[in-house]
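Novice: Give me a 3D structure for the following:
(chains A and B)
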Protein chains: 2
Amino acid sequence: MNAELRQHFEKITPLTDQEFNYILSHFTTKKLKKHQFLIQEGDLVTTDHFVVKGLLKASFTNNDGKEHILQFAMEDWWISDFQAYFNQTEATLNIDCIEAVEVLCLSLTNREKLCAEMHKIEHFFRRKSNLGYIALQNRILSLLNNNAKERYEELLKNYPSLFQRVPKTLLASYLGVSRETLSRLSS
Amino acid sequence: MNAELRQHFEKITPLTDQEFNYILSHFTTKKLKKHQFLIQEGDLVTTDHFVVKGLLKASFTNNDGKEHILQFAMEDWWISDFQAYFNQTEATLNIDCIEAVEVLCLSLTNREKLCAEMHKIEHFFRRKSNLGYIALQNRILSLLNNNAKERYEELLKNYPSLFQRVPKTLLASYLGVSRETLSRLSS
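Specialist: Sure, this is the predicted structure:
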């Protein structure tokens, strides 16, 4: 059970059955329907989430009601309001389901416990964080340097499956372009 | 010696003298003058750098010769072309000295060796990477949501010392605004 999570860990570090079952015992399962919220702005954020099935987005809504999408997450990705999670404070982001979702939830307490008890899990999360850091640096460079067409083509190249599953309006919000611009690019 | 590096590690994890001296033995020292390059585009990137003294910038120069600043680093910060460092590939960034610089260099081999040998060092670098990830997410949100004035004020609030030391032209490049816009904001 939860072969997805095990495969995910074992891309970086091998685990015995006993080790994996111990790790898994620190997660809880949550199922949400399409359009439900995993985290709403103002919630105390206690958990990080590994996506077993489905598609979500993390976004920030400014004072004018405009939504900026910070992150999508589908199978095999993690999603949370990481600032609020690591500081155990209230969410500034909203995370909601673009499709029906099943996630495995890991509290910060359990994450730190596993990392302290099992060096290989600390290693796993360091490596994951390094990879995430590089991806965000690339996104910043893309925002600074690339025009809408280049950002669109980059996303299409790196995450082709997102284009099958994410409505165009949301892709436009992620890319920081208007829906009309995106239509022109994708036609 | 190298009290700065020790204090830096000990913000997250306590170390004995013996442990710190062992860690330090994995670093090499490099001194550069103002305007020298620590890393040039195309270099094989073998080291990450802890800044003991001075100020640097990491930037990307596009095909039109326009420079986008990804990161500044001063005392107590780390700087490298992290994508190239973690993948041991050629730099796509340039890193050069805004002031004369002294850095402590850590090769990827030595970083992984220390992390494997000392669980507390793996913990240290995981925590550092988590903090870096959060900072980059905030910068992305700032680029998506804030106008030039708001980005300027945010940088001034978070990193007041940068404003004393970084030429206005470079601040403008970091913020993604023109030099003229920045002059208007800062007057």
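Novice: Spatially central, which residue of chain A would that be?
Specialist: If you average the C-alpha coordinates of chain A and look for the closest C-alpha using CA atoms, centre = their mean, you land on A:Ile79, 3.0 Å from that point.
Novice: so that one bridges to which residues?
Specialist: Beta-bridge pairing of A:Ile79 under DSSP bridges involves A:His49.
Novice: these two touch, right, it and A:Gly54?
Specialist: No - the pair A:Ile79 and A:Gly54 fails to qualify as a contact (CB atoms under 8 Å) at a distance of 10.6 Å. C-beta coordinates here come from the backbone N, C-alpha and C atoms, glycine included.
Novice: list residues touching both of those two?
Specialist: Contact criterion CB atoms under 8 Å, 6 or more residues apart in numbering or on different chains; residues shared by A:Ile79 and A:Gly54: A:Val103.
Novice: Show me what the lowest-mean-pLDDT helix or strand in chain A packs onto, helices and strands only.
Specialist: Each helix and strand of chain A was given a mean pLDDT (mean pLDDT, DSSP states H and E); the minimum falls on helix A:179-186 at a mean of 81. Other helices and strands packing on helix A:179-186, by 3 or more CB pairs under 8 Å, 6 or more residues apart in numbering or on different chains; DSSP states H and E, are helix A:148-158, helix A:168-175.
Novice: Give the other helices and strands that the last one contacts.
Specialist: With contacts defined as 3+ CB pairs under 8 Å, 6+ apart, helix A:168-175 has these neighbours: strand A:56-61, strand A:67-73, helix A:148-158, helix A:179-186.
Novice: which stretch among the ones you listed comes nearest A:Asn2?
Specialist: Of all those, strand A:67-73 sits nearest to A:Asn2, with 17.1 Å by CB to CB.
Novice: Can you check what angle separates the lengthiest helix in chain A from helix A:168-175?
Specialist: Longest helix in chain A, counting residues (DSSP state H): helix A:119-145. Taking axes from the mean of the first three to the mean of the last three CA atoms, to 10 degrees, one finds helix A:119-145 and helix A:168-175 inclined to each other by 90 degrees.
Novice: for helix A:119-145, which positions count as buried?
Specialist: Of all the residues in helix A:119-145, those buried under the rule 16 or more other CB atoms under 10 Å in any protein chain shown are A:119-130, A:132-134, A:136-137, A:139-145.
Novice: Please, which helix or strand holds A:Phe163?
Specialist: A:Phe163 is part of helix A:160-165, with elements assigned from DSSP states H and E.
Novice: buried residues in that helix?
Specialist: Taking 16+ other CB under 10 Å as the neighbour-count basis, helix A:160-165 is seen to contain the buried residues A:Leu162.
Novice: helices or strands up against that helix?
Specialist: Packing contacts for helix A:160-165, counted by 3+ CB pairs under 8 Å, 6+ apart, involve helix A:148-158.
Novice: So which bits of the helix it packs on are buried?
Specialist: With burial defined by 16+ other CB under 10 Å, the residues of helix A:148-158 counted as buried are A:148, A:151-152, A:155.
Novice: That one vs chain B: in contact?
Specialist: No - when contact is scored as CB under 8 Å from any CB of the partner chain, no part of helix A:148-158 falls within range of chain B; the minimum is 10.3 Å.
Novice: which helices and strands does that helix pack with?
Specialist: In terms of contacts (3+ CB pairs under 8 Å, 6+ apart), helix A:148-158 is packed against helix A:119-145, helix A:160-165, helix A:168-175, helix A:179-186.
Novice: How far does it sit from its chain's centre?
Specialist: In this view, helix A:148-158 has its centroid 19 Å away from the chain centroid, taken as CA atoms, centre = their mean, to the nearest Å.
Novice: can I get the CA coordinates of it in PDB?
Specialist: Only the C-alpha atoms of helix A:148-158 are listed here, as PDB (Å, rounded to 0.1, in the frame of the first residue of the first chain):
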ATOM      1  CA  ALA A 148       5.000  35.500 -22.300                       C
ATOM      2  CA  LYS A 149       5.700  33.300 -25.300                       C
ATOM      3  CA  GLU A 150       9.000  32.000 -23.900                       C
ATOM      4  CA  ARG A 151       7.400  31.300 -20.500                       C
ATOM      5  CA  TYR A 152       4.600  29.500 -22.100                       C
ATOM      6  CA  GLU A 153       6.900  27.300 -24.200                       C
ATOM      7  CA  GLU A 154       9.100  26.600 -21.200                       C
ATOM      8  CA  LEU A 155       6.200  25.400 -19.100                       C
ATOM      9  CA  LEU A 156       4.900  23.300 -22.000                       C
ATOM     10  CA  LYS A 157       8.300  21.700 -22.400                       C
ATOM     11  CA  ASN A 158       9.000  21.000 -18.700                       C
END
